[in-house]
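1. Compute the structure for the input listed below.
(4 chains)
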There are 2 protein chains.
Amino acid sequence: METKNRKVLIADDEPDILEILKYNLSNEGYQVVTAKDGDDALEKARLTQPDLIVLDVMMPKKTGVEVCQLLRAQPAFKETLIIFLTALNDEGTQVKGLETGADDYISKPVSPRVLLSRINALFRRVKKPDGRILKIENITIDPERYIVKVDDNDITLAKKEFELIYLLAIKPGRVFLRNEILNQVWGNDVIVGDRTIDVHIRKIRQKLGVDCITTVKGVGYKFEL
Amino acid sequence: METKNRKVLIADDEPDILEILKYNLSNEGYQVVTAKDGDDALEKARLTQPDLIVLDVMMPKKTGVEVCQLLRAQPAFKETLIIFLTALNDEGTQVKGLETGADDYISKPVSPRVLLSRINALFRRVKKPDGRILKIENITIDPERYIVKVDDNDITLAKKEFELIYLLAIKPGRVFLRNEILNQVWGNDVIVGDRTIDVHIRKIRQKLGVDCITTVKGVGYKFEL
DNA sequence: AAGCAGGTTAAGTTATCATTAACTCTATGT
DNA sequence: ACATAGAGTTAATGATAACTTAACCTGCTT
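-> Purely as a prediction, here's the structure:
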């Protein structure tokens, strides 16, 4: 079975639903974590740092909406995908849910197939490094081996160096702001100085010996041959 | 009224729905373009390069699903947001619609408020560094790459230069007062002399080699070919 | 011709990045 | 647990590109 390397947290107080959804998502290759109420969801989110969270709105302890608000207030969960699940389907609730910062809002009873499609649709949008081997002309970037090839010469990069060049190479030509780089490579909450990025860029340039990273002053860096 | 600088194309064969949605989206600051059938939608999409497209599934000429497939096959529309609108609400259609590459699928009758929330939720996800790619005849201004193309020749502009021409090119023909330019590019609080703008304008004209910025004496500048 | 608006140029100023080296942290093996 | 090596971070310094300013020029308007 294909493994997606993507973590999904599902929070619902009905064990049956939890079970069905977990089964279906696992089958699709997602790593699934479950929570049985609002507080549990917060706890599990903190511990497992999921890529997507499915929240039932009506839950004990804390409602899904409350959980969503608390999560969004933390830097680490600013970008996490969130889907609401609910039996309430009035317009106001839906609008409010989405405005809380959720990415989708699905009415119960929910079909596993529909939920899956919607989850896939959301993941399609957030291009995270997902383990593909990238090839740009004579440069190959292989996230499985943490190795970059330039004309068949293997070059070993350190973790951060690799993640940095991998991020840039996902979208060659596109400029990545220093902030984006920090968020993606270091994590939303980690605080490091600005010069740190420069130094890593330098090491990459040095090791590769090829001029493939362009500086855009005052903006960021981009991968470009 | 706030202007969002985001173009939305709505395609539906029912004039009433078109009208209601257009009214509501315009009110929120979106630039709205409408189409009355599948072929019209394709045509308008090509001409206006919208950021998001709302497609009714049941339309004359070509169905929304067909339109979506044709669009997704073109590189220019790989990243465009697409929402399906439909009276059919069976599970299979919905799943299939999302798998075609759509980002959302909403059942009719659709409430304008809900549509708006969902559109906003989608845009929240795809916030690019600055905005969208502008194309005016043979000139392309790409904020993602910080590059201006004139007839396929890449021209690199400095930050301020780029932001300045980008501002003018958002609304070609419209005159921007010196004050507006200062506010938008430099910021409300920054104080710089009047000649500063001139110098940047000059550099842009010089680098592009094309006469695309017109001076309106005593008023400001405008982008014009 | 005076006055104004903007163009042009070059020189001055600043901000940002590159580079280096030193330091801290982490993982690994003994 | 300790030593060690490599990774990661920071701070200091230097280089340069970006930005701003000032002085002067041109052309138009009244």
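
2. all strands of chain A, in order?
-> Listed from the start of the chain, chain A has strands (DSSP state E) covering A:7-11, A:31-35, A:52-56, A:81-86, A:104-107, A:134-136, A:139-142, A:147-150, A:153-156, A:175-177, A:213-216, A:220-223.

3. Could you identify which of the ones you listed is most buried?
-> Relative to the other members of these, strand A:52-56 carries the highest mean neighbour count by mean count of other C-beta atoms under 10 Å in any protein chain shown, namely a mean of 27. Every residue, glycine included, has its C-beta placed from N, CA and C.

4. Counting by contacts, list what that one packs against.
-> Strand A:52-56 is packed against strand A:7-11, helix A:38-48, helix A:64-72, strand A:81-86, helix A:112-125, with contacts defined by 3 or more C-beta pairs under 8 Å, 6 or more residues apart in numbering or on different chains; DSSP states H and E.

5. Kindly reformat the strands of chain A as TSV containing mean pLDDT.
-> What follows is these, written out as TSV (pLDDT from 0 to 100):
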stretch	mean pLDDT
strand A:7-11	91
strand A:31-35	90
strand A:52-56	94
strand A:81-86	92
strand A:104-107	90
strand A:134-136	92
strand A:139-142	93
strand A:147-150	92
strand A:153-156	92
strand A:175-177	95
strand A:213-216	96
strand A:220-223	97
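
6. closest to DNA strand C out of those?
-> strand A:213-216 (3.8 Å; C-beta to the nearest atom of the strand).

7. So is that closest one next to DNA strand D?
-> No: applying C-beta under 7 Å from any atom of the strand, one finds strand A:213-216 separated from DNA strand D by no less than 8.0 Å.

8. Pairing partners for that strand, with directions?
-> According to DSSP bridges, strand A:213-216 forms sheet pairs with strand A:220-223 (antiparallel).

9. JSON lines for the strands of chain A, including distance to DNA strand C?
-> Formatted as JSON lines, the strands of chain A follow (distance: least, C-beta to the nearest atom of the strand, whole Å):
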{"stretch": "strand A:7-11", "distance to DNA strand C": "20"}
{"stretch": "strand A:31-35", "distance to DNA strand C": "21"}
{"stretch": "strand A:52-56", "distance to DNA strand C": "26"}
{"stretch": "strand A:81-86", "distance to DNA strand C": "28"}
{"stretch": "strand A:104-107", "distance to DNA strand C": "36"}
{"stretch": "strand A:134-136", "distance to DNA strand C": "19"}
{"stretch": "strand A:139-142", "distance to DNA strand C": "18"}
{"stretch": "strand A:147-150", "distance to DNA strand C": "17"}
{"stretch": "strand A:153-156", "distance to DNA strand C": "15"}
{"stretch": "strand A:175-177", "distance to DNA strand C": "9"}
{"stretch": "strand A:213-216", "distance to DNA strand C": "4"}
{"stretch": "strand A:220-223", "distance to DNA strand C": "7"}
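
10. In terms of pLDDT, where does residue A:186 sit?
-> We note a pLDDT of 89 for residue A:186 in this prediction.

11. wait, what's in contact with it?
-> Residue A:186 makes contact with A:160, A:192, according to C-beta atoms under 8 Å, 6 or more residues apart in numbering or on different chains.

12. DNA strand D versus that one, what's the distance?
-> Summarising the geometry, the distance separating residue A:186 from DNA strand D, computed by C-beta to the nearest atom of the strand, to the nearest Å, is 6 Å.

13. Residue A:7 now?
-> When residue A:7 is compared with DNA strand D (using C-beta to the nearest atom of the strand), they lie 22 Å apart.

14. Mind putting the helices and strands packed on strand A:52-56 into a markdown table with distance to residue B:142?
-> Rendered in a markdown table, the data for these read as follows (distance: least, C-beta to C-beta, whole Å):
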| stretch | distance to residue B:142 |
| --- | --- |
| strand A:7-11 | 34 |
| helix A:38-48 | 37 |
| helix A:64-72 | 31 |
| strand A:81-86 | 27 |
| helix A:112-125 | 20 |
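
15. sorry, back to before: figure out which of the strands of chain A is closest to residue B:80.
-> Residue B:80 sits nearest to strand A:104-107 of all those, at 18.6 Å, using C-beta to C-beta.

16. do that closest one and chain B meet at all?
-> Yes: remark: strand A:104-107 sits within contact range of chain B at residue A:104, by C-beta under 8 Å from any C-beta of the partner chain.

17. May I have that strand exported as PDB, CA atoms only?
-> As requested, the backbone C-alpha atoms of strand A:104-107 are provided in PDB (Å, rounded to 0.1, in the frame of the first residue of the first chain):
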ATOM      1  CA  ASP A 104     -13.800  23.000   4.700                       C
ATOM      2  CA  TYR A 105     -17.100  22.300   6.300                       C
ATOM      3  CA  ILE A 106     -18.900  19.000   5.700                       C
ATOM      4  CA  SER A 107     -22.400  18.000   6.800                       C
END
